[in-house]
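**Student:** predicted coordinates and the sequence they were generated for:
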Amino acid sequence: HRKAGGMAGTGATGDGGKKKPVAILTMGMAGSGKTTFVQRCIAHLHQRANEAEARGEGEDQPLPYVVNMDPAVTHMPYEANIDIRDTVHYKELMRQYGLGPNGGLLTAVNLFATKFDQVMQLCERRAKGE
């Protein structure tokens, strides 16, 4: 049973000398390669975890914990542990409030931000191995 978190050995040291997981926030314009970058990071981390497991060190190599915050993405070649699209539907917001695409996206992210403390709690629990 491997735990989710960042790249092993690269986390910042927190209180008590325990390493904290690494977080990567990927932002950019449409078509800039965000999905490809994240997909490759995830594949790399899974490969490292598989290699560590083959050496009998699998417990020490965390798996990535992915949070998707793009309410308009139509296809992701990887699975997100937390996905904004599960709670906020930007097209419905556009229709309901007469918004354009940018207004719908901003409103969706703003609504999701009101629950971000819950997202952080989930991430923290996952990092602790719960």
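**Tutor:** Thanks, I have the structure now.
**Student:** please make it C-alpha for all contacts and neighbour counts, starting now.
**Tutor:** Fine.
**Student:** and the pLDDT for the residue of the chain most remote from its centre?
**Tutor:** What lies farthest from the middle of the chain is G98; by CA atoms, centre = their mean that is 29.8 Å. Confidence at G98, expressed as pLDDT, is 97.
**Student:** next one: the one 3 residues further on
**Tutor:** Per-residue confidence for P101 comes out at a pLDDT of 92.
**Student:** for V73, see how far away it is.
**Tutor:** Separation of P101 from V73 (CA to CA, to the nearest Å): 12 Å.
**Student:** so where's this structure shaky on pLDDT?
**Tutor:** 1-20, 58-60, 130 (pLDDT under 70).
**Student:** strands of that one, start to end?
**Tutor:** 4-5, 63-64, 67-68, 82-83 (DSSP state E).
**Student:** quick one: distance of the third one to the chain centre.
**Tutor:** Using CA atoms, centre = their mean, to the nearest Å, the distance from the centre of strand 67-68 to the centre of the chain it belongs to is 4 Å.
**Student:** partner strands of it, parallel or antiparallel?
**Tutor:** Paired with strand 67-68 in the same sheet, following DSSP bridges, are strand 82-83 (parallel).
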